[in-house]
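Colleague: requesting a structural model of the entry that follows:
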Amino acid sequence: MDAIKKRQLVAAAAAVYRYLRSEEEQQLVMAAVSQRRSAPAVGAASLWSASGRQAVMEMRRLLQLRMIR
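Modeller: Residues are numbered from 1 along each chain as shown. Below you'll find the predicted structure:
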């Protein structure tokens, strides 16, 4: 094998290695992001939020029935 073909082979192997390495890193980052998003929100089921949601739903129902204008 002459020197040029050997260098081309080494360059191709290095490019493939870099590509695979970047894909692995990207998968790790995506896994970390999805784990952070899947954590439940703290205090999401408080009585104040449930009461506010209920009031909004009641107002929407009244508007749909045209009870208030």
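Colleague: where does the protein dip in pLDDT?
Modeller: Where the chain drops to pLDDT under 70, the residues are 1, 35-45, 67-69.
Colleague: quick one, helices of it?
Modeller: Remark: helices assigned in the chain by DSSP state H are 3-37, 47-64.
Colleague: I'd like these as CSV, with mean neighbour count appended.
Modeller: Any C-beta I mention is one placed from the backbone N, CA and C, and that applies to glycine too. Written out in CSV, the entries for the helices of the chain read as follows (neighbours: other CB atoms under 10 Å):
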stretch, mean neighbour count
helix 3-37, 10
helix 47-64, 10
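Colleague: and Leu47, what does it touch?
Modeller: Shown in contact with Leu47 (CB atoms under 8 Å, 6 or more residues apart in numbering): no residues.
Colleague: gap between it and Arg53?
Modeller: Leu47 sits 11 Å away from Arg53 when distances are taken as CB to CB, to the nearest Å.
Colleague: what does Ile4 give?
Modeller: In this structure, Ile4 lies at 71 Å from Arg53, with CB to CB as the measure.
Colleague: tell me how far the most centrally placed residue in the chain lies from Val56.
Modeller: The central residue of the chain, meaning the one whose C-alpha is nearest the mean C-alpha position (CA atoms, centre = their mean), is Ser34 at 5.0 Å. Distance, Ser34 to Val56, using CB to CB: 30 Å.
Colleague: which residue sits farthest out from the middle of the protein?
Modeller: The outermost residue of the chain relative to its centre, with distances by CA atoms, centre = their mean, is Asp2 at 48.7 Å.
Colleague: understood, closing this out.
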